[in-house]
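Colleague: let's see this in three dimensions:
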Amino acid sequence: MVLPASMRLRGHRCFDHLHRRGQRFHGTLMVLRKASASHSLLKRSAEPSGAQPSRGSQPCRVAVVISSKVSKRAVVRNRLRRRLHDHLRSRLEHAPEHSQLWLLVSLKPGAATEDHDLLEECDRLLEQAGLKP
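Modeller: Okay, the predicted model is just below:
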């Protein structure tokens, strides 16, 4: 299952914000960046439609980046991206205390190992970042 649009983070300005201001947590297979949300950087189409709900009711927003150095095959990269999005959604979707955060997960080259290893490391990095799974 893919992340709901309200939880997915898009746009180069959002990624720049995460790279400049994000706190990094390194693992052997991936890097997790955590930054406070800056809703002014979101595109209008990415914001919820209709009346503005309180920012606390929105889930944490997440982006997953997988370089072609991880795998040359797009099918493999997309499978990993979907797997990580689904895992992060299950961990963070119903956590209102993390609603003011943006996360960026970047896989390191050669990280196309077993899904189990990736998900374990993702949980470890979430715990290091103070986002208890």
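Colleague: distance from the chain centre to the helix or strand hosting residue 116, please.
Modeller: Per DSSP states H and E: residue 116 is located in helix 115-128. Here helix 115-128 is found 13 Å from its chain centre; the criterion is Cα atoms, centre = their mean, to the nearest Å.
Colleague: and the contacts of that helix?
Modeller: For helix 115-128, the external contacting residues (Cβ atoms under 8 Å, 6 or more residues apart in numbering) are 25, 27-30, 32, 80, 83-84, 87-88, 91, 105, 107, 111, 132-133. The way it works is simple: take the backbone N, C-alpha and C, and place the C-beta from them, glycine included.
Colleague: among these, name the ones in strands.
Modeller: Judged by DSSP state E, the contacts of helix 115-128 include 25, 30, 32, 105, 107 as members of strands.
Colleague: other SSEs contacting the lengthiest helix in the chain?
Modeller: The residue-count maximum for a helix in the chain (DSSP state H) belongs to helix 74-92. Using 3 or more Cβ pairs under 8 Å, 6 or more residues apart in numbering; DSSP states H and E as the contact test, the elements touching helix 74-92 are strand 61-65, strand 101-107, helix 115-128.
Colleague: go through those and name the closest to residue 17.
Modeller: strand 101-107 (7.3 Å; Cβ to Cβ).
Colleague: for the closest one, packing partners?
Modeller: helix 12-21, strand 30-36, strand 61-65, helix 74-92.
Colleague: quick one, which of the ones you listed is packed in tightest?
Modeller: Sort the helices and strands packed on strand 101-107 by mean neighbour count, taking mean count of other Cβ atoms under 10 Å, and strand 61-65 sits at the top with a mean of 21.
Colleague: what's the angle from that one to strand 101-107?
Modeller: 10 degrees (axes from the mean of the first three to the mean of the last three Cα atoms, to 10 degrees).
Colleague: where does the prediction get shaky in the protein?
Modeller: Scanning the chain for pLDDT under 70 picks out the ranges 1-6, 43-58, 112, 133.
Colleague: what residues does the residue sitting nearest the centre point of it make contact with?
Modeller: Geometric centre of the chain, nearest residue: residue 62, 2.7 Å, by Cα atoms, centre = their mean. The neighbourhood of residue 62, defined by Cβ under 8 Å, 6+ apart, consists of 3, 7-9, 85, 88-89, 92, 102-105.
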